[in-house]
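structural data only, the sequence is not supplied:
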């Protein structure tokens, strides 16, 4: 049987990103690895020195890996359009859209007001610009095959 192991996000500041995901959404820190350059350089296709620290956060069985590279020459954050191939966004079901949006801004994220449908969906960015869609928990239950309808 195949399972999803985790989703990895590169962070420019490991502590800021950890506070954001823990404070905004309730993730908990599971563990952290400082990975030797010899292992990661080839696997990730990153020129040494790599300086990788991987911090694993968990929420309701979902594992989010925050990757931080302690080295010069890292790419800066950039906006990615929804039509660009690759990961477009993360989507979280939340009990209260407005309260969660307030937490997002409190912990260093940004609410994308122009891309919000009141009561139905709120689009936000984490401190590094990763787009996150907030949906009411009842909608999440319907799309995941849960008991919500």
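That came in fine, so what should we check first? Quantities reported herein were computed from a predicted structural model and do not represent experimental measurements.

beta partners for residue 111?
Residues in a beta bridge with residue 111, per DSSP bridges, are residue 124.

show me what contacts the residue nearest to residue 26 when sequence neighbours are not counted?
Nearest residue to residue 26 in three dimensions, chain neighbours excluded: residue 59, at 6.1 Å (C-beta to C-beta, 6 or more residues apart in numbering). Yep, even glycine has a C-beta here, placed from its N, CA and C like the rest. Neighbouring residues of residue 59 by C-beta atoms under 8 Å, 6 or more residues apart in numbering: 21, 25-28.

so can I have TSV of those residues showing secondary structure and distance to residue 137?
Below are those laid out as TSV (DSSP: H, G, I helix; E, B strand; the rest coil; distance: C-beta to C-beta, whole Å):
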residue	secondary structure	distance to residue 137
21	helix	18
25	helix	12
26	coil	12
27	coil	16
28	strand	19
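
which one of those sits closest to residue 93?
residue 25 (10.1 Å; C-beta to C-beta).

so residue 134 touches residue 120, yeah?
No: counting by C-beta atoms under 8 Å, residue 134 stays clear of residue 120, with 9.9 Å between them.
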